[in-house]
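**Student:** next input, structure requested:
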Amino acid sequence: QVQLVESGGGLVQAGGSLRLSCVASGSIFNIATMGWYRQAPGKQRELVATITTGGDTNYADSVKGRLTISRDNIKKTIYLQMSSLKPEDTAVYYCKARIFERVNIDWSDYWGQGTQVTVSS
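**Tutor:** Modelled structure (predicted):
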């Protein structure tokens, strides 16, 4: 059984900062790319940022220069440092990971339950 658990969401004023964390646990043999996605009310889920095992990153244009993804492979954890937040960043933020599970002996994509980020104007 594999789990991804996010934390760190909350309410912040525009221009403020938050740091999200996502920890993977369970029957994990290896983890490939991990990432953050978000879904605002009435909108489709969209990519925010991804990071490979080697640290290569990819960002949505709307967050470049303001949000930074990082990773600790030993802790099986990724982070999203969010700065200069805008009201349009308000969404539920989800963690996603491509994991090679010991039990299934195969790669599968897993999602966390999400954490709410609300930016007030």
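**Student:** which strands and helices sit next to the lowest-mean-pLDDT helix or strand in the chain?
**Tutor:** Within the chain, no helix or strand scores below strand 106-111, which has a mean of 94 by mean pLDDT, DSSP states H and E. Contacting strand 106-111 under the criterion 3 or more C-beta pairs under 8 Å, 6 or more residues apart in numbering; DSSP states H and E are the following elements: strand 2-7, strand 91-101. All C-beta spots, glycine's among them, are computed from the backbone N, C-alpha and C.
**Student:** buried residues in whichever strand or helix holds Gln116?
**Tutor:** Using DSSP states H and E, Gln116 maps to strand 115-120. For strand 115-120, the neighbour count (16 or more other C-beta atoms under 10 Å) marks 115, 117, 119 as buried.
**Student:** now swap in stretch 97-110 and tell me
**Tutor:** In stretch 97-110, counting by 16+ other C-beta under 10 Å, buried: 97-101, 110.
**Student:** might you report the residue contacts of the residue nearest the centre of the chain?
**Tutor:** Nearest to the geometric centre of the chain sits Trp36, at 2.7 Å (C-alpha atoms, centre = their mean). Residues near Trp36 by C-beta atoms under 8 Å, 6 or more residues apart in numbering: 20, 22, 47-50, 69, 78, 80, 93-96.
**Student:** please pick the buried ones from those.
**Tutor:** By 16+ other C-beta under 10 Å, those give 20, 22, 48-50, 69, 78, 80, 93-96 as buried.
**Student:** and after the host helix or strand of Arg71, which helix or strand comes next?
**Tutor:** For Arg71, the element it lies in under DSSP H and E is strand 67-72. Of the helices and strands lying after strand 67-72 in sequence (DSSP H and E), the nearest is strand 77-82.
**Student:** understood, closing this out.
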